[in-house]
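Q: 3D model of this:
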Amino acid sequence: MKIVISHDLDAFRRKWGELVDRQIPFAQAKALNDFGFKVQKALRAVIPNYIDQPVAFTRNSPMVYKANKRELVMAIFLRDQGKNSGPALDFMRAQVEGGQDKPKAAERSLRNRRIMGTSEHTIIGKSLRDRFGNLKGGGRLYREMIQAVQPLEALPRGQKYRAGKARKGNAPKSKYFVGKPGAGSQPLGIWRRQGKRGLMPVLLFAAERPTKKRFPFYQFVYRLFDTTFQLFMFKALDNAMRTAR
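A: Modelled structure (predicted):
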């Protein structure tokens, strides 16, 4: 997902002639790059206005591919993956264009183990969300839950006996279970037993719904281009003319 920007400078050439022809590649490349980094900064600033509590990776996803005097094209795009994370472009594409979010790794694991339906997604229990809306404990807690609730036939051989014994009452019940507590009055999902404090919803299962468009990426960039790029071009050309040798 990116926006590629170039610029037609025939009008400048007609007006300023040979001197402009010599300086124009430097000026155009500088104008494109200055504009690109200005837009990048603006996009990063407004993302929290459209996406609720975005993590740092999402806030910093707008990137710039720089132009140079030989390739007078600059691109503004949304980074699709991080150094220590999986692809993120599907999430951002859904925010920009609408449609289905790509399942998270934990959701794919739950589906593959037949713990959750293939057309369902997870909602994290309110008390277990961090300030970004993600599950407190992250991957460690996901692995702990999935191992505790996966179907008996899916367990490794060495664990089947222990799981079977637990289900017969010969060992403590697992801290996690899949179901609809309260005689079916509570939502389906993974719940955690809290001893005397009762039950806590960890991951609730809900039917997938298309994501509405939230982030006007294209409109935002094009509007800035229409209203500000000429200023960047005049400034870059003026600087090139003053420093020309």
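Q: who does the longest strand seen in the chain touch, helix- and strand-wise?
A: Counting by DSSP state E, the longest strand found in the chain is strand 199-207. Counting contacts by 3 or more C-beta pairs under 8 Å, 6 or more residues apart in numbering; DSSP states H and E, strand 199-207 packs against strand 120-124, helix 138-149, strand 189-193. (C-beta placed from N, C-alpha, C; glycine too.)
Q: worst average pLDDT in the ones you listed?
A: Among the helices and strands packed on strand 199-207, helix 138-149 has the lowest mean pLDDT, at a mean of 81.
Q: what's the angle from it to strand 120-124?
A: 120 degrees (axes from the mean of the first three to the mean of the last three C-alpha atoms, to 10 degrees).
Q: what packs against helix 138-149?
A: So helix 138-149, by 3+ C-beta pairs under 8 Å, 6+ apart, packs with helix 105-112, strand 176-179, strand 199-207.
Q: Please name the strands paired to the second one in the sheet, noting orientation.
A: Sheet pairing here is set by DSSP bridges, and for strand 176-179 it gives strand 189-193 (antiparallel).
Q: if we can go back for a sec, select, out of the helices and strands packed on helix 138-149, the one closest to Phe229.
A: helix 105-112 (40.3 Å; C-beta to C-beta).
Q: Determine the set of other helices and strands touching that closest one.
A: strand 120-124, helix 138-149.
Q: contact partners of the last one?
A: Read that as helix 138-149. 106, 109-110, 113, 115, 135, 155, 174-178, 190, 202-203 (C-beta atoms under 8 Å, 6 or more residues apart in numbering).
Q: List the contacts of Tyr218.
A: Contacts of Tyr218 by C-beta under 8 Å, 6+ apart are Ile3, Val96.
Q: How is it assigned, secondary-structure-wise?
A: helix (DSSP: H, G, I helix; E, B strand; the rest coil).
Q: picking up where we left off before, mind putting the helices and strands packed on helix 138-149 in CSV, distance to Phe37 included?
A: What follows is the helices and strands packed on helix 138-149, written out as CSV (distance: least, C-beta to C-beta, whole Å):
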stretch, distance to Phe37
helix 105-112, 33
strand 176-179, 47
strand 199-207, 40
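Q: I'd like these written out as JSON lines, with mean pLDDT and distance to Tyr50 added.
A: JSON lines is the format used below for the helices and strands packed on helix 138-149 (pLDDT from 0 to 100; distance: least, C-beta to C-beta, whole Å):
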{"stretch": "helix 105-112", "mean pLDDT": "83", "distance to Tyr50": "23"}
{"stretch": "strand 176-179", "mean pLDDT": "86", "distance to Tyr50": "34"}
{"stretch": "strand 199-207", "mean pLDDT": "88", "distance to Tyr50": "22"}
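Q: Which of those sits closest to Met233?
A: Across the helices and strands packed on helix 138-149, closest to Met233 is helix 105-112 (C-beta to C-beta), at 44.9 Å.
Q: Pull out the buried residues from the closest one.
A: By neighbour count on 16 or more other C-beta atoms under 10 Å, the buried set for helix 105-112 is Ala106, Glu107, Ser109, Leu110, Arg111.
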